[in-house]
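1. Give me coordinates for this.
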Amino acid sequence: MRKYWRKIGLIVGVLVLLLGVFWPLPFYLETPGTAEALNKFVTVAGHRDQRKGRYMLTTVALQQARPFTYLWSKTQPFAEVVSKEALMGDASDQTYEQMQTYYMQSSINAAITVAYRRAGKSYHQQYLGIYVMSLLATSKFKGHLAIGDTVTKIDGHRFKSAPQFMDYVKKQRVGQKVTVTYVHHKKVKTTTQPLVKLPGTKQPGLGITLVDHTKVKTKIPVKVAVGDIGGPSAGTMFTLAIYDQLTGGHLRRGRKIAGTGTMDTTGKVGAIGGIDKKVVAANRAGATIFFAPDDPVTKADKKADPDYQNNYTVAKAAAKRIHSKMRIVPIKSFNDVITYLKK
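-> Numbers count the residues shown, from 1 in each chain. Prediction:
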């Protein structure tokens with residue numbers, strides 16, 4: 001009888017262990033990721049940066065929570081539990097990954113544009129069309145267009161920006177059929193469907209969320225290949241790595257420099273998420289300088305969240321918490337980065 005109960009106990013124990021390790025919970029864990037040397041990803045004129053020191057992009061590790069990892073996260077000072085809805089909204093896992101891929105490519109294009117313009121080198125921005133970010137459930141194009149497709153024409157008309165595209169559609173009628181030419185997995189396709197009334201308005205639309213899809217061509221070849229890293233937050237560091245190679249590599253001076261922040265084509269740095277975790281990753285990698293977006297805190301920010309702190313403030317607090325000697329440098333633009341490193 002005792003053997004029987006021991007077997008039952010063993011089976012139960014194994015089941016508990018398996019559930020604890022493998023049972024997925026409806027949460028994700030964000031923890032400090034890695035600080036990756038940018039010379040692994042960036043080549044300019046066919047060459048990687050081999051000079052002493054390094055520029056580093058920083059990441060946040062993301063994993064779906066399991067019972068054991070969820071409990072473990074409660075003991076970690078820089079682990080954060082987030083719901084799937086807070087992380088992805090109503091997007092599927094596949095849609096979320098596609099969006100992150102787009103944001104990364106857009107970030108790279110902006111970095112190339114800013115770096116080449118600041119360095120006085122030739123570049124040309126090519127407009128490819130409208131990138132489909134999402135589709136409403138009510139859209140008649142759902143099932144025809146897909147996340148990641150690029151719309152190149154409507155009724156045979158080409159446009160040079162998303163606003164021009166939207167202006168054309170607004171002049172049509174709800175229920176009117178339009179023919180859309182688009183690129184899906186590198187194949188050109190067309191579909192004709194009626195326009196729908198957009199939620200909260202009386203205006204017609206395709207029922208898609210859209211952004212401009214562009215590509216940058218340069219006389220001096222540049223390549224940025226990031227593998228499975230997604231999102232826009234490495235824009236500032238991509239810009240710095242490209243610019244320094246274009247201008248002779250005189251800014252780093254042997255230092256290990258990390259940072260984060262989005263980059264738009266005007267050179268403005270934008271705020272990102274998880275900056276405290278990125279500070280930890282940079283410190284572990286031996287960085288001595290960390291660039292942090294110094295985004296303005298508006299009245300609207302404080303009204304929405306009285307405890308809101310901007311990226312720079314959070315980064316400084318994280319560095320203090322881990323007793324890091326890294327210099328946390330506030331930046332609002334790429335010019336701020338260059339000015340600081342030239343000191």
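2. Just checking the distance from the helix or strand hosting G129 to the centre of its chain.
-> Applying DSSP states H and E as the criterion places G129 in strand 123-135. When C-alpha coordinates are averaged (Cα atoms, centre = their mean, to the nearest Å), strand 123-135 and its chain have centres 16 Å apart.
3. what's the model's confidence in it, averaged?
-> Per-residue pLDDT over strand 123-135 has a mean of 89.
4. cool, and stretch 82-102?
-> Here the average pLDDT along stretch 82-102 is 78.
5. Just want the angle from the helix of greatest length in the chain to strand 123-135.
-> In the chain, assigned by DSSP state H, the helix with the most residues is helix 93-119. Comparing the axes of helix 93-119 and strand 123-135 via axes from the mean of the first three to the mean of the last three Cα atoms, to 10 degrees yields an angle of 160 degrees.
6. can you pull the buried residues of stretch 39-59?
-> 39, 41-44, 49, 53-59 (16 or more other Cβ atoms under 10 Å). Just so you know, the C-beta spots here come from the backbone N, C-alpha and C atoms, and that holds for glycine as well.
7. typed the wrong thing, it's stretch 320-333
-> 324, 326, 328-333.
8. Then stretch 171-182?
-> With the criterion 16+ other Cβ under 10 Å, stretch 171-182 contains buried residues 172, 178, 180-182.
9. right, and K302 touches Q309 too?
-> No. The criterion here is Cβ atoms under 8 Å, and K302 misses it with Q309 at 10.2 Å.
10. Give me the next element, helix or strand, following the helix or strand of the chain with the lowest mean pLDDT.
-> For the chain, using mean pLDDT, DSSP states H and E, the weakest element among its helices and strands is helix 2-22, scoring a mean of 62. Secondary structure here is assigned by DSSP H and E; on that basis, the next helix or strand after helix 2-22 toward the C-terminus is strand 27-37.
11. Go ahead and name everything in contact with that next one.
-> When contacts are taken as Cβ atoms under 8 Å, 6 or more residues apart in numbering, the neighbours of strand 27-37 outside the stretch itself are 54-65, 69-70, 73, 76, 78-84, 87, 229, 258, 274, 277-278, 280-282, 284-285, 287.
12. These, buried ones only, as a PyMOL selection?
-> In PyMOL, selecting the buried portion of the contacts of strand 27-37, with burial taken from 16+ other Cβ under 10 Å, looks like this:
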select buried, resi 54+55+56+57+58+59+60+65+69+70+73+78+79+82+84+229+258+274+277+278+280+281+282+285+287
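13. At which residues are the helices of the stretch 101-250 of the chain located?
-> For the stretch 101-250 of the chain, applying DSSP state H, counting those that start in this stretch gives helices covering 162-170, 235-246.
14. by contact count, what packs against the first one?
-> In this structure, helix 162-170 makes packing contacts with strand 150-154, strand 204-205, strand 208-218, judged by 3 or more Cβ pairs under 8 Å, 6 or more residues apart in numbering; DSSP states H and E.
15. Pull it out as CSV, backbone CA atoms only.
-> What follows is helix 162-170 as a C-alpha-only set of coordinates in CSV (Å, rounded to 0.1, in the frame of the first residue of the first chain):
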residue,chain,number,x,y,z
ALA,A,162,0.2,58.2,-46.3
PRO,A,163,-1.7,61.6,-46.0
GLN,A,164,-2.1,61.8,-49.8
PHE,A,165,-3.4,58.2,-49.7
MET,A,166,-6.0,59.1,-47.1
ASP,A,167,-7.0,62.4,-48.8
TYR,A,168,-7.9,60.4,-51.9
VAL,A,169,-9.9,57.8,-50.0
LYS,A,170,-11.8,60.5,-48.0
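16. Kindly calculate the angle that it makes with strand 150-154.
-> In this structure, helix 162-170 runs at an angle of 50 degrees to strand 150-154, with the same axes, to 10 degrees as the basis.
17. What of the longest one?
-> Comparing the axes of helix 235-246 and strand 150-154 via the same axes, to 10 degrees yields an angle of 90 degrees.
18. Could you give me the buried positions within helix 235-246?
-> Residues of helix 235-246 classed as buried by neighbour count (16+ other Cβ under 10 Å): 235-246.
19. could you dump the residues you listed to TSV with pLDDT and distance to A292?
-> As requested, the buried residues of helix 235-246 are exported to TSV (pLDDT from 0 to 100; distance: Cβ to Cβ, whole Å):
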residue	pLDDT	distance to A292
G235	95	14
T236	97	10
M237	97	12
F238	97	16
T239	97	15
L240	98	14
A241	97	17
I242	98	20
Y243	98	19
D244	97	19
Q245	96	23
L246	97	24
